[in-house]
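Colleague: A structural model of the following input is requested.
(chains A and B)
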There are 2 protein chains.
Amino acid sequence: MTAFANMTRSELKTQLDALRAEYFGYKAMGLKLNMARGKPEAAQFDLSTPMLTNISTAADCFSEDGTDCRNYGILDGLPEAKRLMAVMLDTDPENVFVYGNSSLLAMYDTLSRIMRFGVGDGKPWSSYKHGIKWICPVPGYDRHFAICEEFGIDMINVPLLEDGPDMDMIEALVASDATIKGMWCVPKYSNPSGVTYSDEVVRRLAAMSTAADDFRIFWDNAYSVHHLYGPERQDKLLDIEQACNEAGHPNRYYKFASTSKVTFSGAGIAAIATSPRNLADELAHLTLQTIGFDKINQLRHARFLKDAEGIAAHMAKHADILRPKFELVLQRLETGMEDVTEASWSKPNGGYFISFNAPKHTASRIVALAKEAGVVMTGAGATFPYGKDPRDSNIRIAPTMPPIDELDKALDVFICCVKIAYAEKLLGEHLDHKEETGFFA
Amino acid sequence: MTAFANMTRSELKTQLDALRAEYFGYKAMGLKLNMARGKPEAAQFDLSTPMLTNISTAADCFSEDGTDCRNYGILDGLPEAKRLMAVMLDTDPENVFVYGNSSLLAMYDTLSRIMRFGVGDGKPWSSYKHGIKWICPVPGYDRHFAICEEFGIDMINVPLLEDGPDMDMIEALVASDATIKGMWCVPKYSNPSGVTYSDEVVRRLAAMSTAADDFRIFWDNAYSVHHLYGPERQDKLLDIEQACNEAGHPNRYYKFASTSKVTFSGAGIAAIATSPRNLADELAHLTLQTIGFDKINQLRHARFLKDAEGIAAHMAKHADILRPKFELVLQRLETGMEDVTEASWSKPNGGYFISFNAPKHTASRIVALAKEAGVVMTGAGATFPYGKDPRDSNIRIAPTMPPIDELDKALDVFICCVKIAYAEKLLGEHLDHKEETGFFA
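Modeller: I've put the predicted structure just below:
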C-alpha cells in the first residue's frame, strides 16, 4: 500500500471514488451509532445493580454513628461515605465533603461560590473589572470549558503534553498575571488524551509562584480508579494535596471525584477533598443552599464498595468489559490508518476515551461526514475552549457505550470518513458546505 | 385561678417562687429534648421504607419511556416523576422540573441564577448598584431569610395575617419600587403560622401591579399535601399558576415542593413548576451545572406513591402519627396558658408547626430558660429576617419529631418557662443576662 501523501493526483482520485462508494454503502444502511459521550454500557451497570437491595429495611438505614439516614442532618457526608470517597480522592476522610450525585455539580457550585464570595482572603472573582482568566490544558473536557464560559471566565489554552500540561508555559503565565485564578486538570487518564501527569508536573503545579494569592487548581480526578489493565500496566499519579502541602500552598487545590463510572451514572455519589480552610468556606455557604445530600445513597455505596480493595476488585470487572472495546479501536485504527500518515492517536491505560488527531483541518469534515452516515461523534472542536480547535484536528472517540459489534461498524464508518476527508484535503477539494459539493445530497 | 395580669405583686412573687422551684426540678432531671426543627419521626419514615426495595433488579431500572436510569441523561426528570410531582405542584407534568433531593436547593439555585444572569428581559439582580429588596411575610421560615441574606438582598417584613400576607401593604410596596424583585410565600399551612392564603390573597398576588417587570414569587408549597385531619377539615389553596395566567402575569411564579416530609427527609425528590419561559431559563444554566439528578430515586418515588390517590392515602398515615402530637400541644397550651392572658397560638389544619406568640418581650427569655433546662426550641427571632422579632414574641413549636411522652415532658418545661418569663416581666424583673440574675447559676 502507498500512503495517500505519496500518491499521484490520479491515484488519489481513484481512492476517493472508492471511498465514496464505500461511504454511500454505509449511508444506505441507515445506521444509528454513537461514539460521542463517555457513557458506560448496561453490562457495567449490572455489576452494581446488587447495590440496590443492600438498604432494604429500617434497620439498614442507620449509619455507623447511629444516624437515621431517612431523616434530615449531616451536611458533609456520613463517616463511612467519607472513608470510601477518601480512597478515590487519595486523602483522609476528614478532608472529604460528600457532595450530591455529580462531581460536575460540585465543580460548578465551588466555582460559583468563589465567583460570588471569593476564597481565602481574596475578593469575589466576579468583582474584577476586566474579568478573570483560567488555564485550560487542551485538548480537554468540554463541560469544564462550558462552566468557565457560563461565568464569563477567559480561557487560556495550554497544550497537554505526554506528561501533563506544558509547565514552562503555565509557570510563565501565572507568575505575571494576578487575574489568572485557576486551572482545570484531569490529571489521570485525562479526558480525552488519556495522559497521566508525571510526578514532576504535579510538583511544579503545587510549587509554582502565582501572582494571584487565591489561585486554585480544580483537580478533576474523574478516572482515579478507572484502569483498563491489571496492576502491571496502571498509571500512578502523585497526590496534589501532598505536593501542595509540601510546597507550602495547602489551599491551592480542590480534588473532585465521583462514582458515576463506578456504580451508576447520575445515581452515584460525588465528593470534594480540599484543605480545612477551603472546606470551611464551602460549608459556610452550602449550609444555606441545601439541607444535605442523599445519605441513603451514601450508605448504599459505602456498604457495596466497602474500601480500597472493594473498589479495585469492582473496577477490575469494569476493565474486563471495557478493555476489548479499547483494544478493538486501537487495532482498527492501526490497520485503517496505514495510508493516513498524518493521523495519530492515544493508547491510554485507563479512562474513557481515545484521543484521535486527524490530519490538520479535517476534523470538522470527518465528524460531519460520520454524522451524515449515522455515526455521532463528539463535535469537532469540543475538546477546546469555545469549541475552537485551532488545528481542526482533535476528535474524541468514546468507545464505552456501544456494544462491540456496533462499535466495529461505527469504526468502519469513521475510518472511511477520515480517509475521505484526508484524500479531499490532499486533492484540495476540502469544502465545508454540502451545498458546494453536492456530495451529501 | 387568677390571671397573672390581675395578681398583686405579692401574689405574683409567690407564683414565681413556685415556678422557679418547678423549673429547678426539671433542670435536675438532665433532660435532652428538642422541639426545634420540623423533622419527621422514625415511625413516619417506616411508612416509606418499603420504597427501598421497589427498584431491585436491572429490569426495574427502566422508566416508562425506556430510559436506563442507571446511565446519564434526562436533565428535567423522568415522565413518571414529573407526573407525580405535578400532583404536589398543582400543574401539568410538562411544567415540572424534577430537581435533586431538596426544594431548598431548588430555591437557592433559582435565586442564585437570577442574581447572576437575570430572568426574562431583566438584568442580573446582582447588578443593581444599591441592591434589591424582597418581601418576607412574618413570621416565616428562617432558611428562606438566610438565602436572602446570603445574596445580600434587603428584606422587608410584611405581617402574615389570618388569610395570608397583608396585601394592602404589599401592593403599595411593589407598585412604587422597581428594586423590590420578589417575595417568599409558604402559602399553605405556612411555616410557622399554619395559615393558608385565601383565594383573594392569591388573586391579588397574581394580579398586582409591580414596578419591577421581573418580579417573582417564590411559592414554597412545602406542605401542599400535609394535612392533619380528614377531608372535612383540610385547607384548600387556589393555584398561583392559574391565578397568574388569568391575571396576564404568566412568568411571575416559581412553585416548589418536595417529598422530604412525604417519604425521606434528604433522600426524597424535589421539583420546580413554572412557566415555559422561566423553565427554559433554568434549564439553559442547569445543563452546565449538572449531568442530571438521581433518576433511580425518581423512579422509586413514582412507583411507590403512584398518583394523587396514592399520595393522599400515604399522607393520611402520616396524619395519624402527627395528629395526636399536635392535639397534645394544643391541649397542654389551652390549660397551661390559663394565667398567661397575653399568649396566643395557632391551631393549624396541617403542616409541621404551631406558632406561639408569647407575651411581648419574653420570647428570648423563654427560649433561653428552656434551653438551660434541656429543651431546645427554635431560636427566638428565627422566624423573622435577620433573626430580629421586633416584639420578641414569636416562638415556633415543632412537635413532630419527639416521641409523644417526650413531647409531653418538653411541654411541661416550656409552659413553666413561659410563665416564669411572663411573671418576671410583670414584676419588672425581666433581665437578659444570667450574670445579672444569678438565676441560671
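
Colleague: what parts of the stretch 51-200 of chain A come near chain B?
Modeller: A:52-53, A:55-58, A:60-61, A:68-73, A:100-102, A:104-105, A:108-109, A:112, A:115-116, A:126, A:143, A:146-147, A:150 (Cβ under 8 Å from any Cβ of the partner chain). C-beta coordinates here come from the backbone N, C-alpha and C atoms, glycine included.

Colleague: let's see that with 6 Å instead.
Modeller: Residues of the stretch 51-200 of chain A lying near chain B by Cβ under 6 Å from any Cβ of the partner chain: A:52-53, A:55-56, A:58, A:70-72, A:101-102, A:104-105, A:108, A:146-147, A:150.

Colleague: and the spatially most central residue of chain A, what does it touch?
Modeller: Central residue of chain A (Cα atoms, centre = their mean): A:N191, 3.5 Å from the mean position. For A:N191, the contact set (Cβ atoms under 6 Å, 6 or more residues apart in numbering or on different chains) comprises A:141, A:353.

Colleague: still on that earlier bit, of the residues of the stretch 51-200 of chain A next to chain B, which belong to helices?
Modeller: A:104-105, A:108, A:146-147, A:150 (DSSP state H).

Colleague: which residues touch A:S265?
Modeller: B:71-72.

Colleague: sorry, back to before: filter the residues of the stretch 51-200 of chain A next to chain B down to just the buried residues.
Modeller: A:52, A:55, A:58, A:70-72, A:101-102, A:104-105, A:108, A:146-147, A:150 (16 or more other Cβ atoms under 10 Å in any protein chain shown).

Colleague: need the per-residue pLDDT for the nearest residue to A:I180 once chain neighbours are set aside.
Modeller: Closest residue in space to A:I180, ignoring its immediate chain neighbours: A:K133 at 4.6 Å, by Cβ to Cβ, 6 or more residues apart in numbering or on different chains. pLDDT recorded at A:K133 is 98.

Colleague: next: A:R37.
Modeller: We have a pLDDT of 88 for A:R37.

Colleague: that older thread, looking at the ones in helices among the residues of the stretch 51-200 of chain A next to chain B, which one is closest to B:V262?
Modeller: Of all those, B:V262 sits closest to A:L105, with 23.8 Å by Cβ to Cβ.

Colleague: please name the nearest non-neighbouring residue to the closest one.
Modeller: Excluding its sequence neighbours, the residue lying closest to A:L105 (Cβ to Cβ, 6+ apart) is B:T290, at 4.3 Å.

Colleague: state the number of residues packed around the one you found.
Modeller: Other residues within reach of B:T290, judged by other Cβ atoms under 10 Å in any protein chain shown, total 24.

Colleague: might you report the residue contacts of it?
Modeller: Counting by Cβ under 6 Å, 6+ apart, B:T290 makes contact with A:102, A:104-105.

Colleague: got a list of what the residue in the stretch 51-200 of chain A that chain B sits nearest to touches?
Modeller: The stretch 51-200 of chain A approaches chain B most closely through A:R70 (3.9 Å), counting by Cβ to the nearest Cβ. Listed by Cβ under 6 Å, 6+ apart, the contact set of A:R70 reads A:61, B:45, B:264.

Colleague: so which of these wins on neighbours?
Modeller: In the contacts of A:R70, the most neighbours by other Cβ under 10 Å go to B:F264, 30 neighbours.

Colleague: can you report phi and psi for that residue?
Modeller: phi -120, psi 140 (degrees, to the nearest 10).

Colleague: residue ranges for the helices of chain A, please.
Modeller: Under DSSP H, chain A gives helices at A:9-28, A:42-48, A:79-88, A:103-117, A:142-150, A:167-176, A:199-207, A:240-246, A:276-289, A:295-305, A:308-336, A:363-372, A:404-427, A:434-437.

Colleague: let me have those helices in a markdown table, adding mean pLDDT as columns.
Modeller: Converted to a markdown table, those look like this (pLDDT from 0 to 100):
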| stretch | mean pLDDT |
| --- | --- |
| helix A:9-28 | 96 |
| helix A:42-48 | 97 |
| helix A:79-88 | 98 |
| helix A:103-117 | 97 |
| helix A:142-150 | 97 |
| helix A:167-176 | 98 |
| helix A:199-207 | 98 |
| helix A:240-246 | 98 |
| helix A:276-289 | 95 |
| helix A:295-305 | 98 |
| helix A:308-336 | 98 |
| helix A:363-372 | 98 |
| helix A:404-427 | 97 |
| helix A:434-437 | 44 |
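
Colleague: minimum distance to B:M155: which of the ones you listed has it?
Modeller: That would be helix A:276-289 among the helices of chain A, by Cβ to Cβ, at 14.3 Å.

Colleague: just the angle between that closest one and helix B:142-150, please?
Modeller: 120 degrees (axes from the mean of the first three to the mean of the last three Cα atoms, to 10 degrees).

Colleague: do helix A:276-289 and chain B meet?
Modeller: Yes. Residues of helix A:276-289 contacting chain B under Cβ under 6 Å from any Cβ: A:288-289.

Colleague: what's that helix packed up against?
Modeller: helix B:142-150 (3 or more Cβ pairs under 6 Å, 6 or more residues apart in numbering or on different chains; DSSP states H and E).

Colleague: return the distance of the helix it packs on from the chain's centre.
Modeller: Distance of helix B:142-150 from its chain centroid, counting by Cα atoms, centre = their mean, to the nearest Å, is 12 Å.

Colleague: so how many other residues sit close to A:I156?
Modeller: 18.

Colleague: now swap in A:H130 and tell me
Modeller: Residues within reach of A:H130, counting by other Cβ under 10 Å, total 7.

Colleague: for it, give me its contacts.
Modeller: Contacts of A:H130 by Cβ under 6 Å, 6+ apart: none found.

Colleague: could you report the pLDDT at A:N157?
Modeller: 98.

Colleague: which residues does it contact?
Modeller: By Cβ under 6 Å, 6+ apart, the neighbours of A:N157 are A:136, A:138.

Colleague: what do you get for the one 10 residues further on?
Modeller: Counting by Cβ under 6 Å, 6+ apart, A:M167 makes contact with A:201, A:204.

Colleague: repeat the analysis, applying 8 Å as the threshold.
Modeller: Taking Cβ atoms under 8 Å, 6 or more residues apart in numbering or on different chains, we find A:M167 in contact with A:200-201, A:204-205, A:208.

Colleague: want to throw those into CSV with neighbour count?
Modeller: As requested, the contacts of A:M167 are exported to CSV (neighbours: other Cβ atoms under 10 Å in any protein chain shown):
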residue, neighbour count
A:E200, 12
A:V201, 23
A:R204, 19
A:L205, 28
A:M208, 18
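
Colleague: name the nearest residue to A:G182, sequence neighbours excluded.
Modeller: A:R216 (4.2 Å).

Colleague: from memory that neighbour sits against A:Y254, does it?
Modeller: Yes. With contact defined as Cβ atoms under 8 Å, A:R216 counts as touching A:Y254 (6.4 Å).

Colleague: give the contact list for the residue of the stretch 301-441 of chain A found nearest chain B.
Modeller: In the stretch 301-441 of chain A, the residue that lies nearest chain B is A:M401 (8.2 Å; Cβ to the nearest Cβ). Each residue near A:M401 by Cβ under 8 Å, 6+ apart is listed here: A:34-35, A:37-41.

Colleague: what's the answer for A:G381, then?
Modeller: A:363-364, A:387-389, A:392, A:394.

Colleague: what about 7 Å?
Modeller: Residues near A:G381 by Cβ atoms under 7 Å, 6 or more residues apart in numbering or on different chains: A:387-389.

Colleague: I'd like to know how many residues surround the residue nearest to A:G336 when sequence neighbours are not counted.
Modeller: What sits nearest to A:G336 in space, not counting adjacent residues and going by Cβ to Cβ, 6+ apart, is A:I415, at 3.7 Å. As a burial measure, A:I415 scores 21 neighbours (other Cβ under 10 Å).
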